[in-house]
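**Q** any chance you can model this:
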Amino acid sequence: MVFCACGRILVWDATIPEPNFQKVGMVDQTGQALLIGSFGATAVLVYGAIRSPLAQPRNVLGGHVLSAIIGVCAQQVLGEAPWLAAAVAVATAIAAMHLTKTLHPPGGATALIAVIGGDSVHSLGYMYALVPAGLGAVVLLLVALVVNNIPRGRRYPEFWF
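**A** Have a look, this model is predicted:
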């Protein structure tokens, strides 16, 4: 549990580009979200279910980045009907993750956040796939690589790609 908290704190710190962020600590001075909700579910997998195929690096990074791109596409094409854009984003993200063998359930939330995240997320466009989705996934993985290999008898990852 301590390792999970350390990983979450590092994701938070690594994705905040300005030292003077707002009191809530999850947005920068422009109101841009720097920490997305799907990282909580990713933390459960990479720190608590390290043997799961869904918690392996390919799935974590690929699932978040691919789903973020799909979510942005859905929002840009179907943004006038957010209910439809949300459904299309999540369904397409699931299909794409299956096809690419990068299934990572929190990726569905990453796609959904791209649609319902509001102006601060929409203003990022495809950069959303890099920051916060890609960068956050990389930081969670780096911390998981360290902390999951400290105790004897634990080994992470099971496979890379």
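**Q** quick one, helices of the chain?
**A** 2-14, 38-48, 57-78, 82-99, 106-116, 119-122, 135-147 (DSSP state H).
**Q** other SSEs contacting the last one?
**A** Helices and strands touching helix 135-147, by 3 or more Cβ pairs under 8 Å, 6 or more residues apart in numbering; DSSP states H and E, are helix 2-14, helix 38-48, helix 57-78. Placement of C-beta: from N, CA and C, glycine included.
**Q** for this protein, give me the ranges with low pLDDT.
**A** 1-34 (pLDDT under 70).
**Q** mind listing what's buried in stretch 39-50?
**A** Buried residues in stretch 39-50, counted by 16 or more other Cβ atoms under 10 Å: Phe39, Ala41, Thr42, Ala43, Leu45, Val46, Tyr47, Ile50.
**Q** for Ser123, give its distance to Val131.
**A** To Val131, Ser123 is 12 Å away according to Cβ to Cβ, to the nearest Å.
**Q** of the buried residues of stretch 39-50, which is the nearest to Ala144?
**A** Comparing the buried residues of stretch 39-50 against Ala144 with Cβ to Cβ places Val46 closest, at 4.2 Å.
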